[in-house]
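# Need coordinates for the following:
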Amino acid sequence: GGLSLQEAKLMQQRADLEQLKEEVRSATSGRPAGSLRHDGRGAVAVARLSAATAEYEARCSELGMRRLLVTAQVMSVVVNTLVTKLELILEGHGMVRDAEDWVRHGLLLCFEGLLSTRGKERGMLEDHIAALSAAACFTVVLEQREGDAGDGEPGSAAGPLGADVAFRAREARLLLPRAVFDKLPESVGPGARMRVWPVLFTQGIDVKQSLSNSLSDSQDSGTTEGAGLQHQVNKRGLAALNQYAHRAKPVAVSGDGETRDVRAGVHPLLERLADLVAAERNTLKNVATLIEAEHVCRVLGGCRVTFCKSGKDRTAMSVTLEQSRLLGEQFGLSTSDEEL
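This next block holds a predicted model:
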């Protein structure tokens, strides 16, 4: 199972451990420690507590390492995604305004999951949820690379930008050469801070998800069993994306002669997405939710990440679909089968 399931088991293990402690206190109350070896009940209680404590501590260490690994993996994705977007901006294929918004409002990263909610892939999805929760505690800080005098063009063995990264507590320090900062606005200069704002939408698209849907014993998407987990993830993703939209593009409405920002309710950019999430059913594959989330992310200037189990077939199909839609929407190419 994923981290959420394993950590729930760990909490139960902790409760059992506290109960054993009470049993030991009861069995050894008022007795000197040396007398326990002559008291069968007290000795057994202490032995059980000792074994349970060792098992609990080993489990804590194991899950702690697992959480550390998934956090490291997702933060490497965060940093590389940011570097790629900065490269596009410097090449003229992205908008500088987006980078300024990342500093003001947070670095929006929309993750699109294609994992099913059955078998090992469910555990992978749960691990990803935990990793993004940890990533939300991080901030990316832009810094000038030490010893860089600003001579020459960016680019080195560290990549086209000549970027490097170092972590300090919950800060990812992105080290860039002076030449990169010279091409960016002052607000995105050395010392600029970007709070990581991860958002996740998920929809299994393979045959395992079809099986999971067919075995759903309820149309109620409120459960976290089977396909219901997807709905809960998408609701949380919608809430986080809606909050970011209100920060980045506040909607002003007039009332009683005054204009005020609307901070509650669904942002107009997310109305269709909210309708799609609300209409999700356990027995259907709701690919339209992912497509609309992609569109909203682009409008908000966010970064996009798509993943499945291996990053091959399902991810390739999703990326191909998105690129073909962009060709139709932004370059006027037809998307109808007849004209193609």
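# Enumerate every residue touching residue 244.
Residue 244 makes contacts with 105, 106, 108, 197, 199, 300, 302, as judged by C-beta atoms under 8 Å, 6 or more residues apart in numbering. In short, each C-beta sits where N, CA and C put it, glycine included.
# Could I get the buried residue list for the helix or strand it falls within?
Assigned by DSSP states H and E, residue 244 falls within helix 228-248. By 16 or more other C-beta atoms under 10 Å, the buried positions in helix 228-248 come out as 228-231, 233-238, 240-242, 244-248.
# residues near residue 180, how many?
Around residue 180 there are 26 other residues, counting by other C-beta atoms under 10 Å.
# correct me, but it touches residue 145?
No - between residue 180 and residue 145 there is no contact under C-beta atoms under 8 Å: 9.2 Å.
# So for those two, which residues contact both of them?
In contact with both residue 180 and residue 145: residue 162, using C-beta under 8 Å, 6+ apart.
# circling back: let's see if you can find the most crowded of the contacts of residue 244.
residue 108 (27 neighbours).
# Where does that residue sit: helix, strand or coil?
On the three-state scheme (DSSP: H, G, I helix; E, B strand; the rest coil), residue 108 is labelled strand.
# For it, which non-adjacent residue is spatially closest?
Spatial nearest neighbour of residue 108, chain neighbours left out: residue 302 (3.3 Å); criterion: C-beta to C-beta, 6 or more residues apart in numbering.
# Next, the contact list for the one you found, please.
Applying C-beta under 8 Å, 6+ apart, the residues near residue 302 are 108, 109, 110, 199, 244.
# repeat that with 7 Å
Neighbour list for residue 302: 108, 109, 110 [criterion: C-beta atoms under 7 Å, 6 or more residues apart in numbering].
# export these to CSV and tack on distance to residue 129 and pLDDT?
Compiled in CSV, the contacts of residue 302 are given as follows (distance: C-beta to C-beta, whole Å; pLDDT from 0 to 100):
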residue, distance to residue 129, pLDDT
108, 18, 97
109, 14, 97
110, 15, 96
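# could I get those as a markdown table with distance to residue 9?
Formatted as a markdown table, the contacts of residue 302 follow (distance: C-beta to C-beta, whole Å):
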| residue | distance to residue 9 |
| --- | --- |
| 108 | 34 |
| 109 | 30 |
| 110 | 31 |
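# Kindly indicate which of these lies nearest residue 330.
Set against residue 330, the nearest of those by C-beta to C-beta is residue 110 (18.1 Å).
# Across the sheet, point out what pairs with that closest one.
Beta bridges link residue 110 to residue 199, residue 304, judged by DSSP bridges.
# Does it touch residue 297 like I think?
Yes - here residue 110 reaches residue 297: they are 3.8 Å apart, a contact under C-beta atoms under 7 Å.
# Next, show the common contact partners of those two.
Jointly contacting residue 110 and residue 297 under the rule C-beta under 7 Å, 6+ apart are residue 304.
# between those two, which one's more packed in?
Between residue 110 and residue 297, counted using other C-beta under 10 Å, residue 110 has the larger neighbour count: 25 against 22.
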